[in-house]
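S.K.: model the structure of this input:
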Amino acid sequence: DVTWITDIGQPFVFTTPKEAKVVGNEIWVSDQVADAIHRFDFDRNYLSSITAHFNAGALLDNLRGFGIHGSNVYLTIDPSNNANSGVVAYDFAGTPTGYFPGVPAGASLFDIAPFGKELLISNSTTDDIERYSPAGAFLGTFQTNLDFPQQVDALPDGTIIAVATIGAAGNEGVYHWNPDGSLIRYIDTEGLKVAFGEHVPHAAWPLEDGNYLIASSTGVYKYDVAGNSFSEILGDVDGQYINPIDLTPAPCPADVDDSGSVDVDDLVAVILGWGDCPKPPASCDADIDDSGAVDVDDLVAVILGWGD
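M.R.: Just a heads-up that it's a prediction; the model follows:
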């Protein structure tokens with residue numbers, strides 16, 4: 001649906017919408033050139049735009065992709081003022097709650113994804129996928145030598161997908177890894193150029209049939225794994241990041257056992273699950289805030305959510 005969300009009749013103009021994701025019971029869309037995150041309800045009615053940086057007096061500028069970790073939304077930005085370049089955190093109401101720079105200072109970051117208790121960030125300055133703590137401490141690299149990485153995302157099964165966008169054949173393309181960093185699949189997008197002309201791949205997402213959607217500067221394509229071939233889904237568009245959009249209203253997260261109420265059984269589940277979560281794809285239902293550990297914050301969530 002190419003008119004699913006548009007700027008027709010809106011108090012804003014889409015310029016380069018970069019990424020759309022569900023945040024709570026809203027849809028957020030980051031717009032790189034418009035320097036704003038636009039918020040919509042599930043009926044796609046416009047709610048407001050986020051333009052504030054966490055740093056005093058600063059506004060968003062040249063924003064890219066964003067990711068959700070626990071109760072925070074983390075946005076990557078690369079403004080002309082390097083003092084404000086890096087990652088800005090927001091709560092689900094759109095209020096800035098924190099900021100940290102990339103490494104090195106002024107690094108051009110393009111996307112961010114939750115990774116257990118950590119964050120993964122694509123860095124086009126270093127050509128790496130890097131690991132950070134939610135507080136902004138640099139922890140090392142997850143993958144290196146990816147020419148100009150853009151989208152990076154953690155998939156529901158715990159695996160990681162990213163795209164190297166500007167590079168030689170054999171480097172540019174789609175990378176799909178296990179959580180331990182071992183490669184599941186590499187898709188060389190040189191074949192996409194041969195079939196449909198010069199382009200810049202931006203993002204990818206695996207489909208339920210085992211194939212992949214790929215978004216590029218010229219359209220959206222499907223990659224057939226068995227046939228090692230590409231077909232066009234939508235042409236003549238500047239395809240950006242790809243995400244599934246689930247418009248089911250947000251559940252009651254403190255209802256760990258999905259009984260319909262938050263009660264003593266959920267309290268017991270938190271106590272029994274106390275400590276660090278196992279590595280994906282193992283589940284950790286008692287980690288209510290998706291922090292990577294079952295801890296006092298999850299206990300507080302049960303207490304605050306007590307009842308039906």
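
S.K.: secondary structure element holding Lys193?
M.R.: helix 190-196 (DSSP states H and E).

S.K.: packing partners of that helix?
M.R.: The contact analysis (3 or more CB pairs under 8 Å, 6 or more residues apart in numbering; DSSP states H and E) places helix 190-196 against strand 219-224, strand 229-235. Bear in mind the C-beta positions are built from the backbone N, C-alpha and C, glycine included.

S.K.: so how far is that helix off the chain centroid?
M.R.: 27 Å (CA atoms, centre = their mean, to the nearest Å).

S.K.: so the closest residue to Gly140 other than its chain neighbours versus Asn123, what's the distance?
M.R.: Sequence neighbours aside, Arg131 is the residue nearest to Gly140 in space, at 5.2 Å (criterion: CB to CB, 6 or more residues apart in numbering). To Asn123, Arg131 is 11 Å away according to CB to CB, to the nearest Å.

S.K.: among these two, which residue is more densely surrounded?
M.R.: Asn123 (23 against 18; other CB atoms under 10 Å).

S.K.: check what pLDDT the more buried one gets.
M.R.: Reported pLDDT at Asn123 in the predicted model: 98.

S.K.: surely it meets Asp111?
M.R.: No - if you go by CB atoms under 8 Å, Asn123 and Asp111 don't touch, sitting 9.7 Å apart.

S.K.: bridge partners for the nearest residue to Gly65 once chain neighbours are set aside, pull those for me.
M.R.: Excluding its sequence neighbours, the residue lying closest to Gly65 (CB to CB, 6+ apart) is Asp111, at 3.3 Å. With DSSP bridges as the criterion, Asp111 is bridged to Ser122.

S.K.: what is the neighbour count of Asp111?
M.R.: 29.

S.K.: next up, the contacts around it.
M.R.: When contacts are counted by CB atoms under 8 Å, 6 or more residues apart in numbering, Asp111 touches 19, 64-67, 76, 121-122, 149-153, 241.

S.K.: quick one: residues contacting Pro79.
M.R.: Applying CB under 8 Å, 6+ apart, the residues contacting Pro79 are 58, 60-62, 85.

S.K.: just these now: which is nearest Lys193?
M.R.: The closest of the contacts of Pro79 to Lys193 turns out to be Asn62 (CB to CB; 26.9 Å).

S.K.: nearest spatial neighbour of that closest one, skipping sequence neighbours?
M.R.: That would be Asp78: by CB to CB, 6+ apart, it lies 4.9 Å from Asn62.

S.K.: which non-adjacent residue is nearest Ala20?
M.R.: Val29 (4.6 Å).

S.K.: SS state for the most centrally placed residue in the chain?
M.R.: Centroid check for the chain by CA atoms, centre = their mean gives Gly67 as the closest residue, at 3.6 Å. Under DSSP: H, G, I helix; E, B strand; the rest coil, the three-state class of Gly67 is strand.

S.K.: try Val300
M.R.: Each residue gets one of three states, and Val300 gets helix by three-state DSSP.

S.K.: quick one: it from Ser71, how far?
M.R.: Taking CB to CB, one finds Val300 at 12 Å from Ser71.

S.K.: these two: which has the busier surroundings?
M.R.: Neighbours were counted for Val300 and for Ser71 using other CB under 10 Å; Ser71 has more, 17 against 14.

S.K.: in the stretch 201-308 of the chain, which spans are strands?
M.R.: Ranges of strands in the stretch 201-308 of the chain, per DSSP state E, counting those that start in this stretch, are 201-206, 212-216, 219-224, 229-235, 275-276, 293-294.

S.K.: how about residues contacting the helix holding Lys193?
M.R.: Taking CB under 8 Å, 6+ apart as the rule, helix 190-196 contacts 169-170, 172-173, 199, 201, 214, 216, 218-219, 221, 223, 228-230, 232, 235.

S.K.: rerun at 7 Å
M.R.: 169, 199, 214, 216, 218, 221, 230, 232 (CB atoms under 7 Å, 6 or more residues apart in numbering).

S.K.: good, wrapping up.
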